[in-house]
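K.L.:
Quick one: sequence and predicted model below, then my questions.
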Amino acid sequence: GHLPERIEVLVVDDGSTDGTADLIRARPEAAAAGLATDPPVLRVMSVSHGGKGAAVRAGMLDAQSDLIVFADADMATPPDMLPLLAEALDTHDVALGSRIQPDGSDMRKSQPPFRRLLGKGFHFFASIWVVGPVKDTQCGFKGFTREAAHDLFARQRIESIVFDVELIYLARRRRYRLAVVPVRWSDRRGSRMQARPGLAARVAWDLIRIPLIHRRDGPDRR
């Protein structure tokens, strides 16, 4: 695998109260860590709190690099997996990190049983309704060419955790070349989104309405 010589790290802060934004602003550059010729530029973007999908969309539309990757801040997928996405984007428009390995093993097995059961139900409905053969939609590690990122995220409407499904639906509908890239992943128990009343209903509603809100988004691209 490989990475471009110049890397920019954009941290989207949507109302955190732990001093994240101030810490990043105090460090204009991150350590190279042997990944690139030049030290990565580190900057922060502050947005109002509006859901994970809204925060990721803001960052992806702001980024201007040739390849744009988003990753969960808990580093459940380690940064040394980035070269795998970059390599896939040499020949594809969208690279989807997947916790399912080539031998069929699934890194999501480290999650609690109840969470795995919910995930299976979510995927079953998502697969027959919107994402087709993509088996892991929710891995928070996805890469795009700049053209694909700006096109897809400009069309994104879902602001909940279901935004990953919407992106895959749009990418398939608009006929981008998709690569599924197996990556290492570990469950971060302390960083998990907390369940709250109405979340299941919101997730179900967002899944149902994805094809409806994009019924006029055809395959033609600029």
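P.N.:
Nice, I can see it.
K.L.:
since we're on Gly104, how many residues are nearby?
P.N.:
The burial count assigned to Gly104 is 6, neighbours taken as other C-beta atoms under 10 Å. Glycine gets a C-beta too; all of them are placed from N, C-alpha and C.
K.L.:
Could you report the distance from it to Leu178?
P.N.:
Between Gly104 and Leu178 the distance is 20 Å, computed by C-beta to C-beta, to the nearest Å.
K.L.:
same deal with Leu199?
P.N.:
For Leu199, the distance to Leu178 - C-beta to C-beta - is 28 Å.
K.L.:
Looking at the two now, which is surrounded by more residues?
P.N.:
Ranked by neighbour count (other C-beta under 10 Å), Leu199 and Leu178 place Leu178 first, with 17 against 13.
K.L.:
and Glu147, that's in a helix?
P.N.:
Yes: secondary structure of Glu147, determined by DSSP: H, G, I helix; E, B strand; the rest coil: located in a helix.
K.L.:
Trp205 versus the nearest residue to it once chain neighbours are set aside, what's the distance?
P.N.:
Nearest in space to Glu147, with sequence neighbours left out and distances taken as C-beta to C-beta, 6 or more residues apart in numbering, is Asp93 at 7.3 Å. Counting by C-beta to C-beta, the gap between Asp93 and Trp205 amounts to 29 Å.
K.L.:
more neighbours, the two?
P.N.:
Asp93 (22 against 13).
K.L.:
residues contacting the more buried one?
P.N.:
Going by C-beta atoms under 8 Å, 6 or more residues apart in numbering, Asp93 touches 144-145, 147-148, 171, 176-178.
K.L.:
Just the pLDDT for Ala55.
P.N.:
Per-residue confidence for Ala55 comes out at a pLDDT of 95.
K.L.:
Ramachandran angles for Arg99?
P.N.:
The phi and psi values for Arg99, taken as degrees, to the nearest 10, are phi -80, psi 0.
K.L.:
which residues in the chain form strands?
P.N.:
Counting by DSSP state E, one finds strands in the chain at the ranges 8-13, 41-46, 67-71, 94-98, 141-145, 178-182.
K.L.:
Let me know the average pLDDT across the second one.
P.N.:
So that's strand 41-46. Across strand 41-46, the average pLDDT comes to 87.
K.L.:
distance of Ser98 from Ala126?
P.N.:
Counting by C-beta to C-beta, the gap between Ser98 and Ala126 amounts to 14 Å.
K.L.:
cool, His92 as well?
P.N.:
Looking at His92 against Ala126, where the rule is C-beta to C-beta, the gap reads 21 Å.
K.L.:
now do Gln138
P.N.:
In this structure, Gln138 and Ala126 are 9 Å apart, going by C-beta to C-beta.
K.L.:
neighbour count winner among those two?
P.N.:
Looking at Gln138 and Ala126 with other C-beta under 10 Å, you find the greater number of neighbours at Ala126, namely 22 against 14.
K.L.:
Setting the sequence-adjacent residues aside, check what's closest to the more buried one.
P.N.:
For Ala126, the closest residue by C-beta to C-beta, 6+ apart turns out to be Val165, at 5.2 Å.
K.L.:
do Val203 as well
P.N.:
The shortest distance from Val203 to any non-neighbouring residue, by C-beta to C-beta, 6+ apart, is to Val162 (5.7 Å).
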